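K.L.:
Test case, fold it:
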Amino acid sequence: MKLTLRALIFCLVGLFACEESADEAINTLGTEVDVEMKEYLEGDQRSLMFKFFTSRDFGCINHRISYNFQQENSGLAIRLNEVEEPAACLKAMGPASAFVNVGSLNIGEYEFSLQIGEGITNTGMLNVTPESYQLVLNAEAGMNLQTIQLQRIPKNALWGSVQFLDKRSDNITNSFVNQLSKLGATQDKFDKGDYGFFEVDASGKVSPKTVTGDVSPFTFLMNYRGDETELVALLSDINRNYGDEVTIRLRTAKGSEYRSWDLH
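P.N.:
Next comes the predicted model:
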């Protein structure tokens, strides 16, 4: 009787193990992927970009993930097929990537599906409002969702950073902000959240997504409705007078980017 019971237990354990193995999805892509959302800005046009990076690094930094994208009235479907080797290798370790522009979306809810390789599909809803994009998935198999809610860039936003080459100078930053104010820029409070290019905390403080250099940069976020040529003139003037002390990178909601070190 003991032998029979023991044999039955082994059979049941084996059966459950087989069922679990059969139900487990196989990631044929060969790696998990990090998923980010970001707004693409160009003039008065806005579109939503999904950025995919493999968790695994490859020997060529220009490995790409091949994909298919399909959009219908009520939904978006993205399929990540496989990691492709580049024709010419850029020798540096890094993840494979794919950038999927799903276009300008009307306000509303969209069914969303992300297929990773052949065996994994995650589904959910993408909620688009005037203020944000919010992605809610039923499961996150084979992926790491980096951006759950992306705040949309306000229509007249102007932002950037002042990077100090040696030591921080409050005189330069105060003078720069004052000059922006004279051009008509205003320091309004922005909603808390991740805007893709920068983050805003509960107090309204803005911080860049990445920080470079030994000295922490001064970051700014304002509203600006003036002429962008005046911004170029201001950065050019700063570069002539303080180019050996600071560099300034400035971006606008129209997709423009200005770098002080390029201006003379």
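K.L.:
nearest residue to Ala96 other than its sequence neighbours?
P.N.:
Nearest non-adjacent residue to Ala96, counting by C-beta to C-beta, 6 or more residues apart in numbering: His63, 3.7 Å away. For every residue, glycine as well, the C-beta is placed using N, CA and C.
K.L.:
ok, now which ones touch the one you found?
P.N.:
54, 83-86, 94-97 (C-beta atoms under 8 Å, 6 or more residues apart in numbering).
K.L.:
Now the helix or strand hosting Val100: buried residues?
P.N.:
Secondary structure from DSSP states H and E places Val100 in strand 91-103. By neighbour count on 16 or more other C-beta atoms under 10 Å, the buried set for strand 91-103 is 95-98, 100, 102.
K.L.:
ok, those vs Phe50, which is closest?
P.N.:
Nearest to Phe50 among the buried residues of strand 91-103, counting by C-beta to C-beta, is Val100 at 4.5 Å.
K.L.:
packing partners for the strand holding Val100?
P.N.:
With contacts taken as 3 or more C-beta pairs under 8 Å, 6 or more residues apart in numbering; DSSP states H and E, strand 91-103 sits against strand 45-60, strand 64-72, strand 75-84.
K.L.:
As CSV, these with distance to Thr31 would be great.
P.N.:
What follows is those, written out as CSV (distance: least, C-beta to C-beta, whole Å):
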stretch, distance to Thr31
strand 45-60, 4
strand 64-72, 9
strand 75-84, 7
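K.L.:
Can you tell me how far Gly226 is from Gly43?
P.N.:
16 Å (C-beta to C-beta, to the nearest Å).
K.L.:
The two: which is more packed in?
P.N.:
Taking neighbours as other C-beta atoms under 10 Å, Gly226 and Gly43 compare with Gly226 leading, 13 against 9.
K.L.:
Next, count neighbours for the residue nearest to Arg168 when sequence neighbours are not counted.
P.N.:
Sequence neighbours aside, Val215 is the residue nearest to Arg168 in space, at 5.8 Å (criterion: C-beta to C-beta, 6+ apart). A count of neighbours around Val215, defined by other C-beta under 10 Å, yields 14.
K.L.:
How about Ser207?
P.N.:
Here the number of neighbours of Ser207 (other C-beta under 10 Å) works out to 14.
K.L.:
show me the contacts for it.
P.N.:
Shown in contact with Ser207 (C-beta under 8 Å, 6+ apart): 198-201, 219.
K.L.:
residues near the closest residue to Ile148 other than its chain neighbours, how many?
P.N.:
The shortest distance from Ile148 to any non-neighbouring residue, by C-beta to C-beta, 6+ apart, is to Leu135 (6.2 Å). If you count neighbours by other C-beta under 10 Å, Leu135 ends up with 19.
K.L.:
does Leu135 belong to a helix or a strand, and which?
P.N.:
Leu135 belongs to strand 132-137 when assigned by DSSP H and E.
K.L.:
in its sheet, what does that strand sit against?
P.N.:
Taking DSSP bridges as the criterion, strand 132-137 pairs within the sheet with strand 120-128 (antiparallel), strand 149-151 (antiparallel).
K.L.:
The longest one - what's its average pLDDT?
P.N.:
Model confidence over strand 120-128, given as mean pLDDT, is 97.
K.L.:
likewise stretch 89-96?
P.N.:
95.
K.L.:
could I have that stretch exported to PDB, CA atoms only?
P.N.:
Output of stretch 89-96 as PDB, limited to C-alpha atoms (Å, rounded to 0.1, in the frame of the first residue of the first chain):
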ATOM      1  CA  CYS A  89      29.500  46.300 -36.400                       C
ATOM      2  CA  LEU A  90      30.100  49.400 -34.200                       C
ATOM      3  CA  LYS A  91      32.500  47.800 -31.600                       C
ATOM      4  CA  ALA A  92      31.000  48.600 -28.200                       C
ATOM      5  CA  MET A  93      28.900  46.700 -25.700                       C
ATOM      6  CA  GLY A  94      25.300  47.800 -25.600                       C
ATOM      7  CA  PRO A  95      21.700  46.600 -25.900                       C
ATOM      8  CA  ALA A  96      19.800  46.000 -29.100                       C
END
